[in-house]
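Chemist: give me the fold of what follows.
(chains A and B)
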Amino acid sequence: MTAAREQRLQVPASVDALSDVRAFVRDCVADFGGSKRVADDLVQAVDEATCNVMLHGYGGKPGDIDIEAALRDSKIEIRILDRGPAFDPTAAPKRDANAAPAPTRPGGMGVGIELLRALTDEVHHSVRPDGGNELTLIRSLDGATKED
Amino acid sequence: MAMTIDVERLGGTPPVTVVALTGELDASNYEQVIDVVENAYADGSRGLVLDLEQLTFMASSGLFALHSAVRIMRGETPPDPEEGWSALHQMAQDEGQASNVRLAAAQEPIARVLDRTGMLRLFALDGTRAEAIAAIQGA
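Modeler: From the prediction side, this is the model:
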């Protein structure tokens, strides 16, 4: 299978950098051979996750966010690395699919975590040994998400 | 990519403002949309069409702006971003789709995120701007 290929981007923890993050993800998915649908879904997911780090992880304080994208065994892995306080968005409870939109706020993980789950195959969080968070989003290069 | 906002105020009954969004709606610019809708309501508009034909991306902050637009056009204060959308569930249950706030010509990725987040309970999607205006003004 395809050997691992990695690309990375570092942005400041400012919402003005979100457009750069989205462009980076879109370019990576295209480079990895993913469809527009896969790109759309990952762009949405990474925007939500990164925005959450910017607004709530760093809480308006300056900092950097690293985005790493890799292709391994026909799966796209995107890692979002920060130096903010430890926070696990995957610990949020799953919402009833028939419920009305969950309370949230811009960049909050109410709707956001639901989107992450819907748009990807896997979401993993870990606390970095030297501080900060690592959130990994995995999406198969082929086929639809689990909800389709 | 930045977002541009074009505002067109129409006559008729009720007066309708059409807000056309071009580009990407995200956490860096969603407040501009809320400001435009507040101004439209203050100027007497009681119907709102958000023309999404040229919008290529909408983050959850954009969904928050859409929800705020519904509240504003009902004459209510928009929700505080720091307090969340606690009223949204109740509104979706009680009110159904807003009759005077319509979304026109949403591209497929935008329609998908609206559907995924349950926002289509609040908004009807019209195929074109003209259809949305007609739906509000009863033409």
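Chemist: tell me the spacing between A:Gly34 and chain B.
Modeler: Taking CB to the nearest CB, to the nearest Å as the measure, A:Gly34 falls 14 Å from chain B. Yep, even glycine has a C-beta here, placed from its N, CA and C like the rest.
Chemist: measure that residue to A:Leu141 for me?
Modeler: A:Gly34 is 5 Å from A:Leu141, where distance means CB to CB, to the nearest Å.
Chemist: could you do B:Pro109 as well?
Modeler: 18 Å.
Chemist: what do you get for B:Phe57?
Modeler: 21 Å.
Chemist: the strands in chain A, which residues?
Modeler: Remark: strands assigned in chain A by DSSP state E are A:5-12, A:64-72, A:75-81, A:122-127, A:133-140.
Chemist: now do chain B
Modeler: B:4-10, B:16-25, B:47-58, B:101-104, B:125-126.
Chemist: hmm, who's touching the last one?
Modeler: The reference is to strand B:125-126. B:49, B:102-106, B:111, B:114, B:132, B:135 (CB atoms under 8 Å, 6 or more residues apart in numbering or on different chains).
Chemist: how far off centre is that strand?
Modeler: From the chain centre to the centre of strand B:125-126 is a distance of 11 Å (CA atoms, centre = their mean, to the nearest Å).
Chemist: ok, now which ones touch the residue nearest the centre of chain A?
Modeler: Centroid-nearest residue in chain A, with CA atoms, centre = their mean: A:Val46, separated by 3.1 Å. Listed by CB under 8 Å, 6+ apart, the contact set of A:Val46 reads A:21-22, A:25, A:67, A:78, A:80, A:137.
Chemist: please repeat the previous calculation with a cut-off of 6 Å.
Modeler: A:25, A:78 (CB atoms under 6 Å, 6 or more residues apart in numbering or on different chains).
Chemist: against A:Leu119, how distant is the residue positioned nearest the centre of chain B?
Modeler: Nearest to the mean C-alpha position of chain B, by CA atoms, centre = their mean, lies B:Leu66 at 4.1 Å. B:Leu66 sits 19 Å away from A:Leu119, going by CB to CB.
Chemist: could you do A:Arg139 as well?
Modeler: A:Arg139 sits at a distance of 7 Å from A:Leu119 (criterion: CB to CB).
Chemist: got the confidence number for the residue of chain B found nearest chain A?
Modeler: Residue of chain B nearest chain A, by CB to the nearest CB: B:Ser61 (3.6 Å). Predicted confidence (pLDDT) at B:Ser61: the value is 89.
Chemist: swap in the one 4 residues further on?
Modeler: B:Ala65 is assigned a pLDDT of 92 by the prediction.
Chemist: quick one: contacts for it?
Modeler: Applying CB under 6 Å, 6+ apart, the residues near B:Ala65 are B:30, B:33-34.
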